[in-house]
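> sequence and predicted structure, then a few things I'm wondering about:
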Amino acid sequence: MSTETISTRRSFLKAGAVLAAPMAAPAVAAIGGDPELAAHEDRAAIRVLHQAWLRDINSGRKVARTRAGETVRRITADHEGAAESIDITGDGHRAAGRFDCAVEIETALSQETTLEQMAHAQGEGFVRRTERRTVAADYVKTRYGWTIARVEFATA
């Protein structure tokens, strides 16, 4: 191994450290107490949490229900709706988010008639429909990060 190769590697590592320093600055500023930066980072963390929750609902790993007890099967963004909003309280420990979505809702059929009983026997005892809804969620910040405290599907 030549001296020139070692020098090149060292210069590469030094250049990497110089380039990485500006990316570390926001984390240092958040520790220093910049409230705007902290709120921006909290909103980003809430978006990540919300997206993970959506993936869990859409994949069937989690079940969500409307106030009427109907099962939510799929949630997709409603691009014609209002822009998402995430409001964080002054103390930074609670937040409220509103997201306009298209929600696929499944309603179980009763088994009062023969036709409904047959549908249930064949695994088709429900009706699905898609509605525009607003997902209103409350979040709480714990020492481990943000968690979802409550989710409601309001009619848009």
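Received the coordinates, thanks.
> got a list of what the most centrally placed residue in the chain touches?
The structure's the chain has its C-alpha centroid closest to residue 50; by CA atoms, centre = their mean the separation is 1.0 Å. Residue 50 makes contact with 97, 99, 137, 148, according to CB atoms under 8 Å, 6 or more residues apart in numbering. Yep, even glycine has a C-beta here, placed from its N, CA and C like the rest.
> Serialize those residues to CSV and add fields for pLDDT.
Conversion of the contacts of residue 50 to CSV gives the following (pLDDT from 0 to 100):
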residue, pLDDT
97, 97
99, 96
137, 97
148, 97
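> list just the nearest of these to residue 75.
residue 99 (8.6 Å; CB to CB).
> bridging residues for that closest one?
residue 135 (DSSP bridges).
> coming back round to it: now the buried members of the contacts of residue 50.
Among these, those classed as buried by 16 or more other CB atoms under 10 Å are 97, 99, 137.
> ok so, going back, filter the contacts of residue 50 down to the ones in strands?
Among the contacts of residue 50, the members falling in strands (DSSP state E) are 97, 99, 137, 148.
> hmm, back to that, the contacts of residue 50: which two are farthest apart?
Farthest apart among those by CB to CB are 99 and 148. That separation is 12.3 Å.
> identify the contacts common to those two.
Common contacts of residue 99 and residue 148, defined by CB under 8 Å, 6+ apart, comprise 50, 137.
> which residues in the protein form strands?
Ranges of strands in the chain, per DSSP E, are 64-65, 71-77, 85-88, 94-108, 126-142, 145-155.
> just those strands: most buried one?
Counting by mean count of other CB atoms under 10 Å, strand 94-108 has the highest mean neighbour count of those, with a mean of 18.
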